[in-house]
Every structure is written in C-alpha cells, then in structure tokens.
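Colleague: need coordinates for the below:
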Amino acid sequence: MSDAADTRMTPETTPLEERLIRLIKANGPITIADYMADALGHPHDGYYTTRNAIGAEGDFTTAPEITQIFGELVGLWLVQSWIDLGEPAAFNLIELGPGRGVLMADVMRAARLRPDFARTAHLYLVEASGRLRHEQQQRLAAVGSLKLDWLDSFDDAPEGPCLIVANEFFDCLPIRQFVRRDTGWREQLVGLNDDQTGLGFIDAAAPPLPETPLPDAAAVERGCVYEVSEEADTLARTIARRLKDHPGRALIIDYGRLQSGAGDTLQAVRGHAFWPVLASPGRADITAHVDFEAIANAAIETGAGVFGPIPQGAFLENLGLSARLERLCAGKAPKVQAEIHAGAHRVAAPSQMGEIVKALCISAPQLPRPPAF
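Modeller: Presented below is the predicted three-dimensional model:
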C-alpha cells in the first residue's frame, strides 16, 4: 500500500468534527439523523458536496458503474412506463442522486429504440454537489440533445406526468436509532467520547416520545437496535402524493430489507472498505439499509399504488438480463465476454447484489402493473 493510501485510510480530525464537538459541548448530544445530515450534506464540509465518492478512485461503486446492462434495462423499464402513460407529448424524467450520470446516460442510450421518449422528456437531476453536476453535464452532453435541468430537492420538481428513478438514494437518507435497554427504549445519540475530545455514541436520558413508531419493548430482546428514517417516510409520501395527482411511476432500487424489524445497519465506507461511522465526518460515505415495508406503507397510506419490493436480481432477470447478456457478448473476445459476465453476476447474483438490493415501484393508482413486477 502506498503512503497516499495509508494517509487516506487513517482517521483524521476534520473541520466538521471540530464544529460538531463545539456544538455538542454547547447544546448537548444530537441525533444520528442530524449527524448524518451534516456528515453527508454540509454545504462546505459534507461528504457529497466535497468528495469524488463513486468509482475506483472513490469510496464505493454502484450497479450502473459495474455494468452497462443495469442502466439499459432500467431504460427499457422507463420506456415501457412512458408507453403505459399513453406516450405523453411532454413529461418529467427525474433522477434522485444521479451520481456521475452513468445510469442516465445508459438509460437514454437504451431509449433510442423509441426516439420520442427522449424528445418529449425534460430531464431533472436532483443533485446537491456542484462537482457531480459538472460531471453529469459532461457525460450527458455526449448522449445527444436533452432538455436538462438540476434541482436541489424533489420538492422543486414541476408538476405533470413524471417518471422517477432513485438508485442507491434512499439508503443515504438520515436515520434515528433506538436501543432496547433494561428500562425500555432509549434513542442512541451522538455525543462526546469518554475523554471529551471526540465523538461517541450515548443513550438519551429519557425514553423516546410516544409517537415514535417502535415495537413493544417487552417483545424485543435487550440490546436490539431499531432504525427509523423520518426523511425516507416523508419523501415516499411526497412522491406518492405527486403520483396520485399526476400520472407516473417511481422506481426505487436500494440496499434494504423487505420487512421492518430490528437490526443495526448503520455503516460507513471509505476507500471501498468499512470505516468507523463517527471517524472523520465528511470523509466517508454513511448509509443504512432501507426499510421497504415502511416506504411501501407510507405510499399506500397516501393513496398510490405499490408493487414489490422484489430482489434486484429477479427484477433484472424479469427485464431480460440473460437475453441482453447473450447479445452483448456476441462476437466479443473471450476476455471481454468474461468481463461482461462478471459485471452481470455482481449486480444480479444472490451472493452479490442480487438479493440484498431490492426494487420497488410506487405508481399512480390507475396505471397497470409495471414491467418486471
């Protein structure tokens, strides 16, 4: 390992950590949700606003970066959904967390089989990072002429028929954690460590408020952790309301679990390896598994239709993964074929991303069952 790599993987005190320590000393502990929001999204020191996160030179990789087949199949799903909408003469194509623009570039390439799809789409990318916006602009400029704008949040998206894609977006939304102690539930907070010089996890002094959606403490073993994402719930309801009032679908693909339940899934990644969650805030990606049951219930309660979740491997296979793999390999050298197969295996095999990543569709209630579900 080089000296540069050693430096990169050594915890260091960051400006954001110093600010958080001052804040906690002055006002007391903060929730994990507030910590995540700052560590990931602080305008000057946040991870997504300051780092090159994705790819071999970043800290993690995503399915579109692994194989073009992923984005092409999502593109076909979107084209069929546009057809199911009645091929509107104008619609909004919205991506939440578009990364380096690889997924949308593959989507638009696959969508060329129906040229009117790109012609009628107004693409909106919900992206906070100016650095990533620049890379998205460069990559999508090579795709062709697109009506393209950036948004700071989904709330800023204009009304009208829409198709929404969120790949590995919900897992970075802030969560709160609650731990079953001898006296019942206690929220786990971010405070100071024993010597008061760094950050550490501590229990809240009082039980959580009654409206916090937690299971009966008597039915849960001591030490169990329960996670709640209020931001994910709010976003799911916002999307569902939009799709209830306007024709459209949302495709959500992410690491997560089918059913709500106990489990500590909070983690950080740096340099493609696990990293202490509270170390060097702003320098590592922090995520938690998505509670798909909670998202589905929020959408259903709002009046939208919900399909899935299903494992990502099944979703891709239902869209024609095997057929696309065979066609892409045709005529290629054996080494290239092996690389193509390796990428497809990584995103679809149950032992890789195929089972732990799930796909969910939130839909306008009047639309038919979406493809692959």
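Colleague: for this protein, which segments are assigned as helices?
Modeller: In the chain, the helices defined using DSSP state H lie at 3-8, 15-27, 32-41, 47-50, 63-66, 68-84, 102-110, 115-120, 130-141, 230-245, 292-302, 312-318, 321-329, 334-348.
Colleague: for R283, find the nearest of the ones you listed.
Modeller: R283 lies closest to helix 47-50 among those, at 6.8 Å (Cβ to Cβ). Just so you know, the C-beta spots here come from the backbone N, C-alpha and C atoms, and that holds for glycine as well.
Colleague: CSV for the helices of the chain, including mean pLDDT?
Modeller: Converted to CSV, the helices of the chain look like this (pLDDT from 0 to 100):
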stretch, mean pLDDT
helix 3-8, 42
helix 15-27, 96
helix 32-41, 95
helix 47-50, 82
helix 63-66, 94
helix 68-84, 97
helix 102-110, 96
helix 115-120, 96
helix 130-141, 91
helix 230-245, 96
helix 292-302, 97
helix 312-318, 98
helix 321-329, 94
helix 334-348, 95
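Colleague: so what's the residue nearest the centre of the chain up against?
Modeller: With distances taken as Cα atoms, centre = their mean, the residue of the chain nearest its centroid is F169 (1.8 Å). Taking Cβ atoms under 8 Å, 6 or more residues apart in numbering as the contact definition, F169 lies against 96-97, 252, 254.
Colleague: among those, which one has the most neighbours?
Modeller: Neighbour counts for those (other Cβ atoms under 10 Å) peak at I252, which has 29 neighbours.
Colleague: do I have it right that I202 meets D194?
Modeller: No. If you go by Cβ atoms under 8 Å, I202 and D194 don't touch, sitting 10.2 Å apart.
Colleague: looking at those two, which is more packed in?
Modeller: With neighbours defined as other Cβ under 10 Å, I202 and D194 compare such that I202 has more, 16 against 7.
Colleague: name the nearest residue to the more buried one, ignoring sequence neighbours.
Modeller: In this structure, I202 finds its nearest non-sequential neighbour in G191, 4.1 Å apart by Cβ to Cβ, 6 or more residues apart in numbering.
Colleague: now for the one you found, how many residues are close by?
Modeller: Counted with other Cβ under 10 Å, the neighbours of G191 add up to 18.
Colleague: show me the beta-bridge partners of it.
Modeller: Beta-bridge partners recorded for G191 (DSSP bridges): G200.
Colleague: tell me the predicted confidence for it.
Modeller: In the prediction, the pLDDT value recorded for G191 is 96.
Colleague: cool, and A53?
Modeller: pLDDT, read off for A53, is 63.
Colleague: one more: the one 4 residues further on?
Modeller: Model confidence at E57, expressed as pLDDT, equals 59.
Colleague: so what's V179 up against?
Modeller: Counting by Cβ under 8 Å, 6+ apart, V179 has contacts 185-188, 203, 223-226.
Colleague: hmm, try it at 7 Å
Modeller: For V179, the contact set (Cβ atoms under 7 Å, 6 or more residues apart in numbering) comprises 186, 188, 203, 223, 225.
Colleague: so the second one touches Q177, yeah?
Modeller: Yes. The pair Q188 and Q177 passes the contact test of Cβ atoms under 7 Å, sitting 4.3 Å apart.
Colleague: what residues do these two have in common as contacts?
Modeller: I32.
Colleague: run through who's touching stretch 16-27.
Modeller: Against stretch 16-27 from outside (Cβ under 7 Å, 6+ apart): 30, 38-39, 42, 45, 191-192, 199, 280-282.
Colleague: tell me the one of these nearest A217?
Modeller: G191 (22.5 Å).
Colleague: per-residue pLDDT, E12?
Modeller: For E12, the predicted pLDDT is 88.
Colleague: number of residues surrounding it?
Modeller: 10.
Colleague: rewinding a little: against G101, how distant is the residue nearest to the centre of the chain?
Modeller: F169 sits 14 Å away from G101, going by Cβ to Cβ, to the nearest Å.
Colleague: what's the separation between L103 and D285?
Modeller: Counting by Cβ to Cβ - L103 and D285 are separated by 17 Å.
Colleague: those two - which one has more neighbours?
Modeller: More neighbours surround L103 than the other of L103 and D285, with 25 against 21 (other Cβ under 10 Å).
Colleague: so that one touches L73, yeah?
Modeller: No. Using Cβ under 7 Å, L103 makes no contact with L73, being 10.9 Å away.
Colleague: now do the same contact list for the residue nearest to I202.
Modeller: G191 sits in contact with 24, 29, 200, 202, where contact means Cβ under 7 Å, 6+ apart.
Colleague: ok, now with 6 Å
Modeller: 24, 29, 202 (Cβ atoms under 6 Å, 6 or more residues apart in numbering).
Colleague: list the contacts of the second one.
Modeller: Pointing back at P29 there. By Cβ under 6 Å, 6+ apart, the neighbours of P29 are 189, 191, 202.
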